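Engineer: sequence? don't have it. structure:
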């Protein structure tokens, strides 16, 4: 259900239920969290790419699971979605979502938990939970930070889909492109200093959640840590000049 390949510091994680549009069942969510946690232990890890096999990135939660839920079990199911998104956000390296086809509901929450998003032309995005009689929850809370409160409200209140061009204009994705464009982005990330990328990832997380004064203070400390590595920066500057 979840396929992982690691090569030259790049981990590629695939949702692999193409017959179900990579819908997220409890079993898939648990496996995805487990595989992501395993990646945290990879010392040479530089970048993670999250993608989906088949015709869609993710069609949302597996309807077979929600149909079995009641008021006593629903919280546990969405908690699994949260744990999955949290594991993605807690990875110490940049996570790139490679999106195509449909990116729906919980699938969009997982994409929002990534650091960067590249979507193929023709990709559709939606948060249709209100049409099913439930609100969008957990990491749907990331949407206002990506697109602003008004556009986030439009997504979760109307349930209407948007196309890739609209998603780009709104800031939901960073680029429209094919797998080749995703690979170009990965190459750019890998070319950067590994420790600096990890420090920057930590700061991005902090900037999302902490007050400005806390973020500024932590940024100063991280900057000092970068210079504490001595010749690393000098050697990087020499390479840039050449």
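Structural biologist: Arrived safely. Source: prediction; values computed, not measured.
Engineer: Please count neighbours and contacts with C-alpha atoms only from this point.
Structural biologist: Fine.
Engineer: Now do the contacts for the spatially most central residue of the chain.
Structural biologist: Nearest to the mean C-alpha position of the chain, counting by Cα atoms, centre = their mean, stands residue 114 at 1.6 Å. Counting by Cα atoms under 8 Å, 6 or more residues apart in numbering, residue 114 makes contact with 88-89, 94-97.
Engineer: For this structure, give me the ranges with low pLDDT.
Structural biologist: Where the chain drops to pLDDT under 70, the residues are 65-73, 229-242.
Engineer: Which parts of it are strands?
Structural biologist: In the chain, the segments counted as strands under DSSP state E are 2-7, 10-15, 47-52, 95-99, 102-104, 116-119, 124-126, 162-163, 175-176.
Engineer: just curious, which of the contacts of residue 114 is nearest to residue 128?
Structural biologist: For those, the residue nearest residue 128 by Cα to Cα is residue 97; the value is 20.5 Å.
Engineer: my read: the closest one touches residue 116, true?
Structural biologist: Yes: Residue 97 is in contact with residue 116 according to Cα atoms under 8 Å; the separation is 6.2 Å.
Engineer: For the two, work out which one has more neighbours and name it.
Structural biologist: More crowded of residue 97 and residue 116, by other Cα atoms under 10 Å: residue 97, with 25 against 19.
Engineer: what about the helices in the chain?
Structural biologist: Remark: helices assigned in the chain by DSSP state H are 26-39, 74-90, 106-113, 143-147, 149-158, 164-170, 179-191, 194-209, 212-227, 231-241.
Engineer: Please parse this protein into its domains.
Structural biologist: Following automatic domain parsing, one finds the domains of the chain at 2-189, 193-241.
Engineer: Kindly check the end-to-end length of the first one for me.
Structural biologist: For domain 2-189, the separation between the terminal residues is 24 Å (Cα to Cα, to the nearest Å).
Engineer: One more: stretch 107-125?
Structural biologist: Per Cα to Cα, stretch 107-125 runs 9 Å from first to last residue.
Engineer: go on, stretch 154-172?
Structural biologist: Stretch 154-172 has an end-to-end distance of 13 Å (Cα to Cα).
Engineer: follow-up on the earlier one: single out the most deeply packed of the strands of the chain.
Structural biologist: Highest mean neighbour count of the strands of the chain: strand 95-99, a mean of 26 (counted as mean count of other Cα atoms under 10 Å).
Engineer: Direction included, what does that one pair against?
Structural biologist: Its sheet considered, strand 95-99 pairs with strand 47-52 (parallel), strand 116-119 (parallel) by DSSP bridges.
Engineer: And the first one, how far out from the chain middle?
Structural biologist: The one in question is strand 47-52. Computed by Cα atoms, centre = their mean, to the nearest Å, the chain-centroid distance of strand 47-52 equals 8 Å.
Engineer: Number the chain from 25, please
Structural biologist: With 25 as the first residue, the last one maps to strand 71-76.
Engineer: Tell me the buried residues in stretch 65-85?
Structural biologist: Under the neighbour-count criterion of 16 or more other Cα atoms under 10 Å, stretch 65-85 has 69-78, 80-85 buried.
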